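Participant: My questions are about this predicted structure, shown below with the sequence.
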Amino acid sequence: MDDVLEELFAVIEDRKETLPEDSYTASLFTHEKGENAVLEKLGEESTELVLAAKDDDHEEIAHEGADIVYHLLVLLAMKDMDLADLEAELEARR
Ligand SMILES: N=c1c2ncn([C@@H]3O[C@H](COP(=O)(O)OP(=O)(O)OP(=O)(O)O)[C@@H](O)[C@H]3O)c2ncn1[C@@H]1O[C@H](COP(=O)(O)O)[C@@H](O)[C@H]1O
């Protein structure tokens, strides 16, 4: 899981730096709505996750959960934060 998150975060940082035209991630960094684009996605996907949980739909819970994790990592990159910030917070709760 650590490796997957680290590799995904590295790709997100690369998209932020290089802004390829065909990249969904890059489109979040250049969106006319600014950070609201990713914040709205997080809101929508949280609602979708709740609905999936109420349906006890495990496949959909994993799908929406992954969408949330991806968009959370984009938000961290947008705020010039990184995975270590999240890890430090989780570590402090152990
Ligand atoms: N993990 C993701 C990822 N998760 C979600 N998404 C996108 O986030 C959007 C989710 O918005 P929506 O829920 O509205 O999508 P939807 O298809 O309408 O509905 P859903 O079925 O997804 O709920 C979709 O366009 C997804 O493609 C992602 N886009 C990219 N990545 C990763 O980022 C990497 C780089 O992607 P690009 O920046 O596009 O090159 C990829 O290789 C992936 O590893």
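Facilitator: That came through, no problem.
Participant: Check which helix or strand the closest residue in space to residue 19 that isn't next to it in sequence maps to.
Facilitator: Excluding its sequence neighbours, the residue lying closest to residue 19 (Cβ to Cβ, 6 or more residues apart in numbering) is residue 26, at 4.4 Å. C-beta here means a position set from N, CA and C on the backbone, and glycine is covered the same way. Per DSSP states H and E: residue 26 is located in helix 24-29.
Participant: Show me where the chain has its helices.
Facilitator: 2-18, 24-29, 36-54, 58-78, 83-92 (DSSP state H).
Participant: buried ones in the fourth one?
Facilitator: What that stands for is helix 58-78. Across helix 58-78, burial judged by 16 or more other Cβ atoms under 10 Å covers 61, 64, 67-68, 70-71, 73-78.
Participant: Over to the last one?
Facilitator: Residues of helix 83-92 classed as buried by neighbour count (16+ other Cβ under 10 Å): residue 83.
Participant: would JSON lines of the buried residues of helix 58-78 with pLDDT be doable?
Facilitator: Formatted as JSON lines, the buried residues of helix 58-78 follow (pLDDT from 0 to 100):
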{"residue": "61", "pLDDT": "98"}
{"residue": "64", "pLDDT": "98"}
{"residue": "67", "pLDDT": "98"}
{"residue": "68", "pLDDT": "98"}
{"residue": "70", "pLDDT": "98"}
{"residue": "71", "pLDDT": "98"}
{"residue": "73", "pLDDT": "98"}
{"residue": "74", "pLDDT": "98"}
{"residue": "75", "pLDDT": "98"}
{"residue": "76", "pLDDT": "97"}
{"residue": "77", "pLDDT": "98"}
{"residue": "78", "pLDDT": "97"}
